[in-house]
Structure formats: structure tokens, C-alpha cells
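A.B. asks: I would like to see how this sequence folds:
(one chain, ligands or ions: 1)
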Amino acid sequence: MATILIVEDEPAIAESLAYSLRRDGYTVLTAGCLADAEAQPGAIDLVVLDLMLPDGSGFDLLARLRRRQAPPAVIILSSRDQEADRVAGLETGADDYVTKPFSPREVVARVRAVLRRTARTQAVAAPALPLPVTADVETRRATIDGQPLELTRVEFDLLHTLLSAPGRVFTRAQLIDRVWGDNFAITDRTIDSHVKALRRKVADAGGDAGIIETVRGVGYRLGLGGEGGGADGG
Ligand code: CA
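C.D. replies: From the prediction side, this is the model:
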């Protein structure tokens, strides 16, 4: 069972989360500030991270965690329902976010989903678990269920970017950066219409267009099925 580190300076929140996660079978460690979090020895599979901590911002820890050789998954606890925080969190490499106030049960569900997703992402790196969709940069050929997809350059690059980290959410800004480069003025709507075209081609080739999931208010990800839409909340 996975080891989870809760970084949260409000004891009541930390304790109720720790209780719920332990009841679910996880090993739980807690830290009330950045310094405590960094001092935790041993391997941690997932960090539940508050953003406002007494000795700094959770974003700083997130950035440092990402540079580790085997970075843990991260779920951000945000006290404000601000899209800026969510997007910044995901761009810094967080796997999911939960807005306060939340129920411990909601956090446990997110923890389970993120751990399942990251385990699966590791599994797809091995040839044992092929994805239904492929995009080969050398030949610029893409397929769905073995059927060729005739894609434009942009559609191919979008698909290839999503495929680079199955299950991970890419913000529209990240997609623009990877597909067009950051000096292009591309609107969110432009991205959305290319994704729509890509989905149509996948469906026309007999594939499941739902494999490209919308994460509402954030961006897109390559779904691996079985999670029922995850972060978009229906
Ligand atoms: Ca706090």
C-alpha cells in the first residue's frame, strides 16, 4: 500500500485527512510546514499539499519534488476556488487539486484515482500494456486500434503531446507551448476546435473519441478508460 505525506499546517484538517487515508489502508505521514516536509525520509508515493504554509508556498515544494529522480504524485489543497491556482498547480506538475472546504472522503477518492493513474502510466511505459492510439514522431504516422489516422500537423502534435504522458492533464497553455511554441497567439478556442477535429477523425477511424478527455476549466488529457471522466466532475 502506498505511503502518503500530508503537508498541511491546520491540525484539524491534517488529522481528519490522515484518519480517513489510514482507514483506507494507506501509510500516512504528516508535516506542518515546508521544512518538516523536506525532512521526511524514505519513499513517498503521493503528497497532499496545502499551498499556504507558515514557512512558504506549497508551490516551492512542488517544484523541488518534481526535480527528484522518482517524483511522488501531488494533489494540491487550494483554499480558494481560483482557476489561476489550479492552472499554476497543474503547470508546475501537480496531478490533481481539491478546493477547500472539502470532505476527507473526496480527498481519499482523488488519492485513489491519482495513484491508479500514475501506476497505469508507469505500466504503459512497458510494452505489456499497449495503448489503442499511437503517434510515431519519426514517420509522423498515427493510428487508433491499428487503423491509420490522417492528421494535420497540429492534430498530430496535439495527439503526440497527450500521448507523452497518458492520464496527465495538459493545460491549454501547455498545449499551445508544445504544439505552436510560446510566441504564437493562439486562443483557447483554436485549441478546442483542433481537439474536436482530432476526436472526429478518431471516431471516423472506428476508435473511441472519448479517449481525449476534457478536464473542465483546465485542459485535456489522454484518458485510459474506466475513470468516468475524473477531474471534470461529469
Ligand atoms: Ca495553510
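A.B. asks: only C-alpha atoms for contact and neighbour calcs from this point on.
C.D. replies: Fine.
A.B. asks: go ahead and produce CSV holding the CA coordinates of stretch 21-29.
C.D. replies: What follows is stretch 21-29, C-alpha atoms only, in CSV (Å, rounded to 0.1, in the frame of the first residue of the first chain):
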residue,chain,number,x,y,z
LEU,A,21,-6.5,7.8,4.5
ARG,A,22,-5.3,5.4,7.2
ARG,A,23,-8.7,3.9,7.4
ASP,A,24,-8.4,3.3,3.6
GLY,A,25,-5.2,1.4,4.3
TYR,A,26,-2.6,3.9,3.4
THR,A,27,0.6,4.7,5.4
VAL,A,28,0.3,8.3,6.3
LEU,A,29,2.9,10.9,7.4
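A.B. asks: could you pull out the buried residues of that stretch?
C.D. replies: The neighbour-count check on stretch 21-29 (16 or more other CA atoms under 10 Å) flags L21, R22, Y26, T27, V28, L29 as buried.
A.B. asks: in strands only, show me those residues.
C.D. replies: Mapping the buried residues of stretch 21-29 onto strands (DSSP state E) picks out T27, V28, L29.
A.B. asks: which residue sits closest to the second one in space, ignoring its chain neighbours?
C.D. replies: Going back to what we said before, that points to V28. Nearest residue to V28, sequence neighbours excluded (CA to CA, 6 or more residues apart in numbering): I4, at 4.9 Å.
A.B. asks: and if you look at the last one?
C.D. replies: Nearest non-adjacent residue to L29, counting by CA to CA, 6+ apart: L5, 4.7 Å away.
A.B. asks: okay, and the beta partners of the residue nearest to V28?
C.D. replies: For I4, the residues forming beta bridges with it (DSSP bridges) are V28, L46.
A.B. asks: unless I'm mixing things up, it is touching I44, no?
C.D. replies: Yes - contact criterion CA atoms under 8 Å: I4 and I44 qualify, at 6.0 Å.
A.B. asks: tell me which of those two has more neighbours.
C.D. replies: With neighbours defined as other CA atoms under 10 Å, I4 and I44 compare such that I4 has more, 24 against 18.
A.B. asks: so what's that one up against?
C.D. replies: I4 is in contact with Y26, T27, V28, L29, I44, D45, L46, V47, V48, counting by CA atoms under 8 Å, 6 or more residues apart in numbering.
A.B. asks: about what we covered before: how close does the residue nearest to V28 sit to the ion?
C.D. replies: I4 is 18 Å from the ion, where distance means CA to the ion, to the nearest Å.
A.B. asks: make 562 the first number, not 1, from now on.
C.D. replies: Noted, 562 is the first residue going forward, which turns the last one into I565.
A.B. asks: so how far is P665 from that residue?
C.D. replies: Between I565 and P665 the computed distance is 14 Å (CA to CA, to the nearest Å).
A.B. asks: over to V730?
C.D. replies: 23 Å.
A.B. asks: hang on, the earlier thing: R782: which of the contacts of I565 is nearest?
C.D. replies: Distance to R782, by CA to CA, is smallest for L607 among these, at 20.0 Å.
A.B. asks: count of residues packed around the closest one?
C.D. replies: Using other CA under 10 Å, L607 has 22 neighbouring residues.
A.B. asks: against which helices or strands is the lengthiest helix in the chain packed?
C.D. replies: Longest helix in the chain, counting residues (DSSP state H): helix 665-686. In terms of contacts (3 or more CA pairs under 8 Å, 6 or more residues apart in numbering; DSSP states H and E), helix 665-686 is packed against helix 572-584, strand 634-639, strand 657-660.
A.B. asks: list the buried ones in it?
C.D. replies: Applying a neighbour-count criterion of 16+ other CA under 10 Å, one finds P665, V668, V669, R671, V672, A674, V675, L676, R678, T679, T682, V685 buried in helix 665-686.
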